[in-house]
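Undergrad: Predicted model, plus sequence, below.
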Amino acid sequence: MTNTNVEMTNAWLANNARNAEQMARNEAVRRSRAEAAEARAKAKAKKAKEAANKEMNAARRAAVERSAAEAAAARAARVAARGETSARRNKTNAANRAAKKAAENAKKAQANALIQNIKKQWINVTTSNMSRNEKKKKGTTIYRKASVKLHPNKGGTNENFRLLSNLFEEFKTYVNRN
């Protein structure tokens, strides 16, 4: 072999080694980025699950409070039906008013918990990486499901339905802007 052939072979080997080293470095960077993206996705999913659990617990507590208030109202109604003396009747009336107020407060708390849950769902949709049309569709689906529960003709109040509608308008405005 001549000296130039040896030099060319050495240059070729050195070049191949450099290329292999660069390819290995690139692969390590790709793998690192994929692992980081996976870790971020897991953290985001964990946060969403925790938020959902928190909302479910709040709704459960509101339902328990409402149930307790309804039971108190039923007890007070049974006592009132027996027809007590005026002193006892005054106590019964006071208990009835308190039970009725507690039931109303529990119902309000449940509606507020539902609205907050819906608001968080919309925030999750706006921060997701869906397309604009997918976000609009998902937001509309959330609104329709909520409006069934909060519409005045379905047992909700005008105030709660108005609040839901205003939040939905804000959601649509935000999605259309971005």
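TA: Received, thanks.

Undergrad: Name the helix or strand for residue 60, please.
TA: Per DSSP states H and E: residue 60 is located in helix 3-81.

Undergrad: Residue 147 against residue 160, yeah?
TA: No: applying C-beta atoms under 8 Å as the test, residue 147 and residue 160 come out as separate, 10.2 Å apart. For glycine as for every other residue, the C-beta is placed from the backbone atoms N, C-alpha and C.

Undergrad: If I look at residue 1, what pLDDT would I see?
TA: Here the pLDDT value assigned to residue 1 is 51.

Undergrad: What about residue 161, how many residues nearby?
TA: When neighbours are defined as other C-beta atoms under 10 Å, residue 161 has 20 of them.

Undergrad: do the same with residue 158
TA: 10.

Undergrad: Could you measure from it over to residue 32?
TA: Distance from residue 158 to residue 32, counting by C-beta to C-beta, to the nearest Å: 55 Å.

Undergrad: What of residue 108?
TA: Noted for residue 108: a distance of 51 Å to residue 32, by C-beta to C-beta.

Undergrad: Between residue 147 and residue 160, tell me which one has more neighbours.
TA: More crowded of residue 147 and residue 160, by other C-beta under 10 Å: residue 160, with 20 against 16.

Undergrad: Below-threshold pLDDT in this protein: ranges please.
TA: Residues of the chain meeting the criterion pLDDT under 70: 1-2, 80, 83-89.
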